[in-house]
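Asks: Next one to model:
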Amino acid sequence: MALALSSIIAPLIKACIDFLLPSSPFLVDLFNYKHGSYDFGRVMRRIIMAVAIILIFLLRKPLMIGSFIVAGIKPTQGWWEQLQMGFLLGAGMFVAYAIILWTSGIQTLQPDTTSFADIIFRLLTLILIAGLVGCIEEILFRGFIFQSMLMNMRAVSAVCISSLFFSSLHFFKIKFFVSPGIQPFIGFVVVYQSFKNIIVHFSAIWPSLIGLFLVGAVLSYSCLRTKSLYLAIGLHTGWVFLIKTNKLFFDHHAGKHLEWLFGDSDMVTGVLGWIFLICTLLLIRLVTKAPASVVLPQNN
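Replies: Okay, here's the model as predicted:
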């Protein structure tokens, strides 16, 4: 529904942008308007996100969205400890993995900044971004999608399907440059090209798909073990913060002959990264107590 509605209103949004672009330096800079064209794929992603948020708000009662999310983030005993444990576990496993890369010469220290004040500012910005990403994505993917799937299928199936959805959605994007002018089907074209991009470039993105699938599985499993989102939010926040910080200070150059093992700078595209994710899942099992049952909100 979100994709269909977004595709319908996309030509209207494009018409407004086309009308305002020539007289607005701000929009020219915002949309990177050069040589008479701009990336409408980026605009389309924002339209889809806005439409999805509106639909989630309007359909929150029949979809029981509020009940699912509240069940995951309601204050419970030990919630702060779970949040801390998740962050420290995610950060600790990442640092252990990064040390292997540093000692193997796969990563070298090359800071993207030389000013101490700039480093502090960037680190504070990164921890804020990581916290927001961790909260928003966990509330959406584990708080609503994963928990709603648990109502109609076994836990293993819910983990696999929600993790596949989480993984695939990261690649639902494409650069699609357009020129000013009426294009009534531009929304449907961009959506089609986004799906086509995943299929056509599957051979290039499958390592990332596997890595992100494992990330989703670990996060979903942490929700099953704790019956809340706090451990998952901590893990997610720690991973995002350390990945972005790692890119700020280090250069990754595994090379083609070792890329299968060490992956790229995103750290989830190589076999070694997958092993660390599986180890993280096993550690979660060790440090958490198995729930007696998964409590789901009831529709009254």
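
Asks: check contacts around residue 173.
Replies: Going by Cβ atoms under 8 Å, 6 or more residues apart in numbering, residue 173 touches 41, 45, 194, 197. (Each C-beta comes from the backbone N, C-alpha and C, glycine too.)

Asks: Name the SS class of it, please.
Replies: coil (DSSP: H, G, I helix; E, B strand; the rest coil).

Asks: before we move on, the earlier item: out of the contacts of residue 173, which two are the most distant from each other?
Replies: Pairwise distances across the contacts of residue 173 peak at 12.5 Å for 45 and 197 (criterion: Cβ to Cβ).

Asks: need the contacts of residue 173 in CSV with pLDDT, distance to residue 89 and secondary structure, can you?
Replies: Formatted as CSV, the contacts of residue 173 follow (pLDDT from 0 to 100; distance: Cβ to Cβ, whole Å; DSSP: H, G, I helix; E, B strand; the rest coil):
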residue, pLDDT, distance to residue 89, secondary structure
41, 93, 36, helix
45, 92, 31, helix
194, 92, 34, helix
197, 87, 34, helix
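
Asks: Save these as TSV, and put in distance to residue 289 and neighbour count too.
Replies: What follows is these, written out as TSV (distance: Cβ to Cβ, whole Å; neighbours: other Cβ atoms under 10 Å):
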residue	distance to residue 289	neighbour count
41	45	18
45	40	17
194	42	19
197	43	18
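
Asks: Name the nearest of those residues relative to residue 230.
Replies: The shortest gap between residue 230 and any of those belongs to residue 45, at 28.9 Å (Cβ to Cβ).

Asks: Show the contacting residues for the closest one.
Replies: The contact partners of residue 45, taken as Cβ under 8 Å, 6+ apart, are 172, 173.

Asks: same thing with residue 37?
Replies: Residue 37 neighbours (Cβ under 8 Å, 6+ apart): 177, 178, 179.

Asks: Can you tell me which of the residues you listed are classed as buried?
Replies: Among the contacts of residue 37, those that count as buried by neighbour count (16 or more other Cβ atoms under 10 Å) are residue 178.

Asks: and which of the contacts of residue 37 is nearest to residue 111?
Replies: When the contacts of residue 37 are compared for distance to residue 111 (Cβ to Cβ), residue 177 wins out at 33.7 Å.

Asks: Tell me, please, where in this protein the pLDDT is lower than the cut-off.
Replies: Low-confidence segments of the chain, defined by pLDDT under 70, span residues 71, 290-300.

Asks: buried set for stretch 141-160?
Replies: 141-150, 158-160.

Asks: and the two most separated of these?
Replies: Largest pairwise distance in those, by Cβ to Cβ, is 18.1 Å, between 143 and 160.

Asks: From what I see, residue 55 and residue 2 are in contact.
Replies: Yes - judged on Cβ atoms under 8 Å, residue 55 makes contact with residue 2 at a distance of 5.6 Å.

Asks: Pull out the buried positions in the helix or strand hosting residue 220.
Replies: Secondary-structure element containing residue 220, defined by DSSP states H and E: helix 202-226. Within helix 202-226, the residues that qualify as buried by neighbour count (16+ other Cβ under 10 Å) are 205, 207-226.

Asks: Mind giving me the packing neighbours of it?
Replies: helix 155-169, helix 230-249, helix 271-287 (3 or more Cβ pairs under 8 Å, 6 or more residues apart in numbering; DSSP states H and E).

Asks: quick one, it and helix 230-249 angle?
Replies: 140 degrees (axes from the mean of the first three to the mean of the last three Cα atoms, to 10 degrees).

Asks: How far off centre is helix 202-226?
Replies: Centroid separation between helix 202-226 and its chain, computed with Cα atoms, centre = their mean, to the nearest Å, is 10 Å.

Asks: about what we covered before: check the helices and strands packed on helix 202-226 for me and report the most buried one.
Replies: A comparison of the helices and strands packed on helix 202-226 by mean neighbour count, using mean count of other Cβ atoms under 10 Å, puts helix 230-249 on top with a mean of 23.

Asks: tell me how far that helix is from the chain's mean position?
Replies: Mean-position distance between helix 230-249 and its chain equals 11 Å (Cα atoms, centre = their mean).

Asks: Understood, closing this out.
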